[in-house]
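**Q** Sequence and predicted structure below; questions after.
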Amino acid sequence: QVQPVESGGGLVQAGGSLRLSCRIASSYAVGWFRQAPGKEREFVSAITKNGATTYFADSVKGRFTIARDNAKNTVYLQMNSLKPEDTAVYYCAATSGDGGSDGYYYMRRAYYQFWGQGTQVTVSS
């Protein structure tokens, strides 16, 4: 059973930074999603199996980066210039798929077979 394991969440002031980690085998592409109270789970970012291609939601472009270290079986989501609206539970998800043309499927929750338990990120104003 593949089980992504997230870590690195916490409380930070607006404008600050956090780095989330996800332990997952290198044979999977990884997506990060987030869910704020009362809202649907939404796509944040994704990275291909070899780390060569990354994808971001418009709301985080220019502020978040994603990278992976396959020797350590870990994917990192670096979050800078955090805003109160970034407050949510962040989930790491894994898929054996290749994302389709332009990574279209990486932005779809249903494309991922395995999900972590989530880690809370709270940004205070």
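**A** Thanks, I have the structure now.

**Q** Tell me where the chain has strands.
**A** 5-7, 10-13, 18-23, 29-35, 42-47, 54-56, 64-69, 74-79, 88-95, 114-115, 119-124 (DSSP state E).

**Q** quick one, which of these is packed in tightest?
**A** Of the strands of the chain, the one with the most neighbours on average (mean count of other CB atoms under 10 Å) is strand 29-35, at a mean of 25. The C-beta positions use only the backbone N, C-alpha and C, and glycine is treated the same way.

**Q** and that one, what other elements does it pack with?
**A** Judged by 3 or more CB pairs under 8 Å, 6 or more residues apart in numbering; DSSP states H and E, strand 29-35 is in contact with strand 18-23, strand 42-47, strand 64-69, strand 88-95.

**Q** Now render those as JSON lines, adding mean pLDDT and distance to Ser81.
**A** Listed next are the helices and strands packed on strand 29-35 as JSON lines, based on pLDDT from 0 to 100; distance: least, CB to CB, whole Å:
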{"stretch": "strand 18-23", "mean pLDDT": "98", "distance to Ser81": "11"}
{"stretch": "strand 42-47", "mean pLDDT": "98", "distance to Ser81": "14"}
{"stretch": "strand 64-69", "mean pLDDT": "98", "distance to Ser81": "9"}
{"stretch": "strand 88-95", "mean pLDDT": "98", "distance to Ser81": "16"}
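
**Q** and the ones you listed as a markdown table, adding distance to Gln3?
**A** Putting the helices and strands packed on strand 29-35 into a markdown table (distance: least, CB to CB, whole Å) gives the following:
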| stretch | distance to Gln3 |
| --- | --- |
| strand 18-23 | 9 |
| strand 42-47 | 18 |
| strand 64-69 | 17 |
| strand 88-95 | 9 |
